[in-house]
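Visitor: structure of the sequence below:
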Amino acid sequence: MLIVLCEQTGKWPAIRVVHSPFERKCMKLAIMQPYFLPYIGYFQLMNIVDKFVIYDNVQFIKDGWINRNRILVNQQDKMFTLPLKKDTYTVLINERFLAKEQWRKEQRKLIMQIEQNYRKAPCYREVYPIIVDCIQNDSERLVDLIEYALRQLRVYLGISCELILSSTLNVDQSLAGQGKVLSICKEMGATQYINAIGGVDLYNKKTFRDQGIQLSFIKSKEIVYPQFKNEFMPWLSIIDVMMFNPAEKIQEYLNRYELV
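Guide: Numbers count the residues shown, from 1 in each chain. Predicted coordinates:
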């Protein structure tokens with residue numbers, strides 16, 4: 001909304017345009033825990049927003065997707081896991097460290113599995129060095145390794161959102177759940193907050209609306225592509241998508257979703 005004021009200055013009227021204090025530039029925000037080489041739905045969320053907050057100062061969830069994912073091995077989906085130093089269950093994600101010696105062995109094993117199982121994939125030659133670079137990064141802290149991988153893949157996939165660690169934001173860290181998400185939204189100046197569909201029961205649209213923020217949830221549509229001659233295994237790590245599809249095709253996949 002614009003307010004137009006006219007002031008008589010000499011012979012000609014001067015027109016001064018003042019923007020309403022309620023008028024804000026649209027800024028879409030997402031917040032997600034850091035996942036290592038996650039499935040394509042994670043990148044769909046990154047692709048739809050202006051700023052993407054990597055939620056690194058919340059409690060680490062054991063047996064979640066933060067430090068593990070799935071790839072094709074011998075025509076079946078197989079889990080790989082980043083080994084971590086033992087710690088108490090209360091530590092935050094950004095306080096978890098890789099088990100250095102064990103991770104070195106797992107690095108070699110994972111790279112060998114990728115080479116053996118994807119070397120005949122159509123995009124292997126282009127994608128393999130990128131994935132190896134993500135895996136062999138010498139970070140010791142888990143979130144640093146994941147952030148590096150997300151930044152590298154963001155470039156390859158043509159995603160332009162800004163990545164920010166939540167631990168760097170000036171928000172009340174004693175908050176939790178919806179309250180903390182709202183606090184981050186306000187700190188970032190978000191006008192729309194977009195969450196993965198799994199959070200539909202965690203957040204209230206009216207509560208966000210009362211704070212001047214539109215709340216939406218992203219729901220991925222079916223994505224199917226040839227995986228050699230195998231029966232298709234959906235929602236594997238982005239590694240699988242990249243090995244079988246050029247970047248231009250993946251851009252199409254990034255837009256296969258609906259907002260609810």
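
Visitor: contacts for the biggest helix by length in the chain?
Guide: In the chain, taking DSSP state H as the definition, the longest helix is helix 100-118. With contacts defined as CB atoms under 8 Å, 6 or more residues apart in numbering, helix 100-118 is touched by 71-74, 78, 80-83, 124, 128, 131-132, 135-136, 140, 239-240, 243. Glycine gets a C-beta too; all of them are placed from N, C-alpha and C.

Visitor: which ones among the residues you listed map onto strands?
Guide: Cross-referencing those against strands under DSSP state E gives 71-73, 78, 80-81.

Visitor: just put these in TSV and tack on pLDDT.
Guide: Listed next are the ones in strands among the contacts of helix 100-118 as TSV, based on pLDDT from 0 to 100:
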residue	pLDDT
Ile71	98
Leu72	96
Val73	95
Lys78	96
Phe80	97
Thr81	96
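
Visitor: list only buried entries from these.
Guide: Taking 16 or more other CB atoms under 10 Å as the criterion, what is buried in the ones in strands among the contacts of helix 100-118 is 71-72, 80.

Visitor: the longest helix of the chain: how far from the chain's middle?
Guide: Helix 100-118 sits 24 Å away from the centroid of its parent chain (CA atoms, centre = their mean, to the nearest Å).

Visitor: cool, stretch 120-131 as well?
Guide: Worked out by CA atoms, centre = their mean, stretch 120-131 lies 22 Å from the chain centre.

Visitor: also stretch 205-212?
Guide: Averaged C-alpha coordinates place stretch 205-212 at 23 Å from its chain's average position (CA atoms, centre = their mean).
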